[in-house]
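**Student:** how would this look folded up:
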Amino acid sequence: MYEQKTKETDKSVIEFIENVESPKKCEDAYKLLAIFTETTGYQAKMWGPSIIGFGSYHYKYESGHEGDAPLVGFSPRKSNISLYFATGDTTRDELLKDFGKHKAGKACVYINKIADIEVDVLKALIDSSIKFLRETYPDN
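**Tutor:** Residues are numbered from 1 along each chain as shown. Sure thing, here's the model as predicted:
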């Protein structure tokens, strides 16, 4: 049976951010913490060892695979900052056109620093992702 690896933990978000090696990434992580907290209205929680997540939802796929995940989140990694949004949100691509310097994967958007992006677009991406997940998984 599959066991979900990335689960909500009771580890300290502040302690995690304080241990980010790059002073600039640490500074950006605090800025993102404020932006995500204000935009979502949720308190930040650690998910696994390195993802700072906001809110949560329970998903269940047709395959029977199910689990819990944060509605949105971010992780200040060595090479870049990963921003986690809903997979399948069709408005994401449109919003990313005005986002600034980034790379996009299936569920993640990667940035080097906050100065490279439009914060208002980040807030719109957060709102859009949460709206999409609440519509897709209404029983949460």
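**Student:** alpha carbons only for contacts and neighbour counts from here, please
**Tutor:** Fine.
**Student:** where exactly do the helices run in this structure?
**Tutor:** Using DSSP state H, the helices of the chain run over 13-18, 23-40, 92-96, 119-136.
**Student:** of all those helices, which one is nearest residue 113?
**Tutor:** helix 23-40 (6.7 Å; Cα to Cα).
**Student:** quick one: closest of the helices of the chain to residue 85.
**Tutor:** The closest of the helices of the chain to residue 85 is helix 119-136. By Cα to Cα, the value is 5.6 Å.
**Student:** quick one, that closest one and helix 23-40 angle?
**Tutor:** Here the directions of helix 119-136 and helix 23-40 differ by 50 degrees (axes from the mean of the first three to the mean of the last three Cα atoms, to 10 degrees).
**Student:** what is helix 119-136 packed up against?
**Tutor:** Helices and strands touching helix 119-136, by 3 or more Cα pairs under 8 Å, 6 or more residues apart in numbering; DSSP states H and E, are helix 23-40, strand 72-76, helix 92-96.
**Student:** what's the burial count for the closest residue in space to residue 30 that isn't next to it in sequence?
**Tutor:** Leaving aside its sequence neighbours, residue 30 sits nearest to residue 17 (Cα to Cα, 6 or more residues apart in numbering; 7.4 Å). Residue 17: 20 surrounding residues under other Cα atoms under 10 Å.
**Student:** no further queries at this time; thank you.
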